[in-house]
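> heads up, no residue letters with this:
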Ligand code: SAM
């Protein structure tokens, strides 16, 4: 793994204090001492060459040597609403969506949804975003929004340039993903729960202008459908 660590709050000085899990990783897993060189990122889009200046039992001080903007984002902004699966499958999904460049994940509350994220579980998922970003080199964090009801999410994406909900029997996905949007254009995508979206939920989405799209003849698990949508939505990356 690259020697990358997440600094929070955003870096605004030549010296940075690292605490918490990032300090633990650097001090007790990597056994860093003064002089150890690392890369820091703070979610702002930049990364920083830094060197460990001093260590204590559970925190370090690092000196910033160089700041550079390194953009590894997609060529469009994807917000993805997902009726989350249970347990460890959430963490796995968050890791993959971070790697794939999704900008925002919105946990959706749907009629047949099984998982109801708590503040604590959302914090754990946000930590998974940091871990995945350390590994994959992303300098902006995928945002994990507060859970939204299906109706509210549909209303919240009304300005998105493209809005699709994965639903078996919809229009084949390949017909929809064209290269005519820019990074400033948001694409809103949704995946239903394991039990599927109800007719009522689909009718509401369609009435509000969302397009139902089909992802093939096999029924995919929530994670597979979400990853497929993220890849389709982001595949025109330059
Ligand atoms: N029996 C459910 C149904 O017919 O909707 C299956 C639900 S599937 C396990 C979970 C979610 O993944 C669905 O709500 C849908 O958003 C998405 N999905 C799975 N397979 C799909 C496919 N082949 N085409 C479109 N969406 C799919």
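Okay, I see it. These figures come from a predicted structure and were not determined experimentally.
> other SSEs contacting the helix ranked longest in the chain?
The residue-count maximum for a helix in the chain (DSSP state H) belongs to helix 119-136. In terms of contacts (3 or more CB pairs under 8 Å, 6 or more residues apart in numbering; DSSP states H and E), helix 119-136 is packed against strand 4-6, helix 88-100, strand 143-144. In this view, the C-beta of every residue, glycine as well, is placed from N, C-alpha and C.
> Could you dump the ones you listed into a markdown table with distance to residue 136, mean pLDDT and mean neighbour count added?
What follows is the helices and strands packed on helix 119-136, written out as a markdown table (distance: least, CB to CB, whole Å; pLDDT from 0 to 100; neighbours: other CB atoms under 10 Å):
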| stretch | distance to residue 136 | mean pLDDT | mean neighbour count |
| --- | --- | --- | --- |
| strand 4-6 | 9 | 97 | 21 |
| helix 88-100 | 5 | 97 | 19 |
| strand 143-144 | 16 | 98 | 18 |
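> can you put those in TSV and add distance to residue 15?
Formatted as TSV, these follow (distance: least, CB to CB, whole Å):
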stretch	distance to residue 15
strand 4-6	15
helix 88-100	29
strand 143-144	28
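> ok, residues contacting stretch 7-17?
18, 22, 40-44, 46, 48, 50, 53, 59-64, 67 (CB atoms under 8 Å, 6 or more residues apart in numbering).
> now swap in stretch 207-216 and tell me
Contact partners of stretch 207-216, identified using CB under 8 Å, 6+ apart, comprise 154-155, 158, 162-173, 176, 188, 190, 202, 205-206, 225, 228-229.
> All the strands of the protein, residue numbers only.
4-6, 15-18, 37-41, 46-55, 60-69, 77-82, 104-109, 143-144, 148-149, 162-172, 186-191, 211-214 (DSSP state E).
> Tell me the strands beside the last one, with direction?
It stands for strand 211-214. Note on strand 211-214: by DSSP bridges, its sheet partners are strand 162-172 (parallel).
> now the partner strand, how far from the centre of its chain.
21 Å (CA atoms, centre = their mean, to the nearest Å).
> could you check the angle strand 77-82 makes with that strand?
For strand 162-172 against strand 77-82, the angle by axes from the mean of the first three to the mean of the last three CA atoms, to 10 degrees is 60 degrees.
> from here on, count from 11
Okay, residue one is now 11; in that scheme the one you just asked about reads as strand 172-182.
> do strand 172-182 and the ligand meet at all?
Yes: Strand 172-182 lies within reach of the ligand by CB under 6 Å from any ligand atom, at 176-178.
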